[in-house]
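A.B. asks: turn this into a model:
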Amino acid sequence: MKSVSTAEVAFAHSELGQRLSGVLAEGSVSNRSIADYLLRNPLRVTALKIDEMAEVCEVSNATISRFARDIGFGNYAAMRSAVAETLHTEMQPVDKLRHTIEHRKGTVWPGDESMEYALANISNTRNAQSQQEMKQVVQKLSKARTVYVLGFGLSSHLAGLLTLHLQPFCHHVVEAAAAGGTEVAAGHLAHIGAHDVLVVISFPRYALDVIRLAQYARDRGACVIAITDAPASPLVEMSEHVLYATSSHAVLPSSATAAVAVIEALAVSLMVSNQNNVEKAARLTEAISAYLYGAAGSNTRKVKKRTARSGAT
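C.D. replies: Below is the predicted model:
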């Protein structure tokens, strides 16, 4: 997989990031909390004192010091310096935006602030996206016997959107949960196997059932592809491929704007990946054109005739 350029993702792929990922997978509850915060906020950590780090992780100073020693450093200061050295001086657009908003003078309209987060999330996601990773995902989707798409809660809408985009260009696409929830999703995935792909979508707050079902699919030999927010996401460890969509927001648990952009980018990449798909897109457009408003003027004329008959103005 081609390395990506944002600080958070690059840090997760570094040697130190891999050590932290190991703690996140197998460490104690307190150590997992610290590792999770480090992976999600490496830039912030470089400015935190040990007592501040302990406060945000809800552990003691002694626990922070012990954690630093456990992963190979003499003390917290040495670990913090290693984080800074790994990151260099690169700063993510979202962190820059957050700093700007927090220190801005005057009243900010909440809607404007939300839109600024959306713009920064899309910018950050674009910089983080690996073209090679996207190409590999497209190849897996094209060859799959069945593509299952899974998301719960707010991610269920994203799963529905992705399903609609994939259906014309994949052999068979199933929206695993749809409106039925976990039981329906488990039923759909009962026969998943080595020739299938599961695209799983989840953002903070992560649904536990999504993680369990993704693990089930992986255990059955299916290719698991995740669309999620960060390397610290619990889906990353069990996924063969990951497409990142930054989801930071000042008020909401997560923003879906960048996820929609990733879904659209994936759909377009699939559509133009081979000539057959281009022809499918042309046939689909031709097939539905008669049902679109204003197509060849036919619908416009029908609306006018109905209006005239009813005497409406």
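A.B. asks: domains for the protein, by residue range?
C.D. replies: 7-87, 93-127, 130-273, 281-310 (automatic domain parsing).
A.B. asks: got TSV for these, with mean pLDDT too?
C.D. replies: Converted to TSV, the domains of the chain look like this (pLDDT from 0 to 100):
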stretch	mean pLDDT
domain 7-87	87
domain 93-127	70
domain 130-273	91
domain 281-310	57
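A.B. asks: hey, which of the ones you listed is tucked in deepest?
C.D. replies: Of all the domains of the chain, domain 130-273 has the most neighbours on average by mean count of other Cβ atoms under 10 Å, namely a mean of 19. Placement of C-beta: from N, CA and C, glycine included.
A.B. asks: measure that domain end to end?
C.D. replies: 16 Å (Cα to Cα, to the nearest Å).
A.B. asks: for it, the distance to its chain's centre please.
C.D. replies: 9 Å (Cα atoms, centre = their mean, to the nearest Å).
A.B. asks: for stretch 13-22, same thing?
C.D. replies: Centroid separation for stretch 13-22 versus its chain: 20 Å, with Cα atoms, centre = their mean.
A.B. asks: what of stretch 116-135?
C.D. replies: Worked out by Cα atoms, centre = their mean, stretch 116-135 lies 10 Å from the chain centre.
A.B. asks: list phi and psi for Y148.
C.D. replies: Main-chain dihedrals, Y148, degrees, to the nearest 10: phi -100, psi 140.
A.B. asks: show me where the stretch 201-313 of the chain has its helices.
C.D. replies: Applying DSSP state H, counting those that start in this stretch to the stretch 201-313 of the chain gives helices spanning 208-219, 257-271, 275-289, 298-310.
A.B. asks: kindly report the same for the stretch 51-200 of the chain.
C.D. replies: So, for the stretch 51-200 of the chain - with DSSP H, counting those that start in this stretch - the helices run 61-70, 76-87, 93-102, 110-128, 131-143, 154-166, 181-188.
A.B. asks: among these, which is nearest A256?
C.D. replies: helix 154-166 (6.2 Å; Cβ to Cβ).
A.B. asks: which helices and strands sit right next to the closest one?
C.D. replies: Helices and strands touching helix 154-166, by 3 or more Cβ pairs under 8 Å, 6 or more residues apart in numbering; DSSP states H and E, are strand 147-150, strand 173-175, strand 197-201, helix 257-271.
A.B. asks: give me the beta-bridge partners of H241?
C.D. replies: Bridge pairing for H241 (DSSP bridges) gives the partners I225.
A.B. asks: thought T146 was touching V173?
C.D. replies: Yes: counting by Cβ atoms under 8 Å, T146 touches V173, with 7.5 Å between them.
A.B. asks: rebuild the helices of the stretch 51-200 of the chain as a markdown table, extending it with distance to C223.
C.D. replies: Shown next, in a markdown table, are the helices of the stretch 51-200 of the chain (distance: least, Cβ to Cβ, whole Å):
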| stretch | distance to C223 |
| --- | --- |
| helix 61-70 | 34 |
| helix 76-87 | 31 |
| helix 93-102 | 30 |
| helix 110-128 | 22 |
| helix 131-143 | 5 |
| helix 154-166 | 14 |
| helix 181-188 | 16 |
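A.B. asks: center of this protein, which residue is that?
C.D. replies: Closest residue to the average C-alpha location of the chain: T228 at 2.3 Å, with Cα atoms, centre = their mean.
A.B. asks: picking that back up, tell me which of the helices of the stretch 51-200 of the chain sits nearest to E15.
C.D. replies: helix 76-87 (8.0 Å).
A.B. asks: off-centre distance for the closest one?
C.D. replies: Taking mean C-alpha positions (Cα atoms, centre = their mean), helix 76-87 and its chain are 27 Å apart.
A.B. asks: cool, stretch 16-35 as well?
C.D. replies: 21 Å.
A.B. asks: which residues does that stretch contact?
C.D. replies: 11-12, 36, 38-39, 53, 57-59, 63-64, 67, 70-72, 82-83, 86, 231-232, 236-237 (Cβ atoms under 8 Å, 6 or more residues apart in numbering).
A.B. asks: ok, back up a step: so which of the helices of the stretch 51-200 of the chain is nearest P253?
C.D. replies: Of these, nearest to P253 by Cβ to Cβ is helix 154-166, at 8.4 Å.
A.B. asks: save the helices and strands packed on helix 154-166 as TSV, and put in distance to T182 too.
C.D. replies: As requested, the helices and strands packed on helix 154-166 are exported to TSV (distance: least, Cβ to Cβ, whole Å):
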stretch	distance to T182
strand 147-150	10
strand 173-175	14
strand 197-201	13
helix 257-271	21
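A.B. asks: of all the ones you listed, which one comes closest to A222?
C.D. replies: Closest among the helices and strands packed on helix 154-166, using Cβ to Cβ: strand 197-201, at 5.3 Å.
A.B. asks: export that closest one to CSV, keeping only CA atoms.
C.D. replies: Below are the C-alpha coordinates for strand 197-201, written out as CSV (Å, rounded to 0.1, in the frame of the first residue of the first chain):
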residue,chain,number,x,y,z
VAL,A,197,-16.1,-8.7,-0.6
LEU,A,198,-17.5,-6.9,2.5
VAL,A,199,-17.3,-3.1,2.4
VAL,A,200,-17.8,-1.9,6.0
ILE,A,201,-18.4,1.7,6.8
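A.B. asks: alright, calling it a day.
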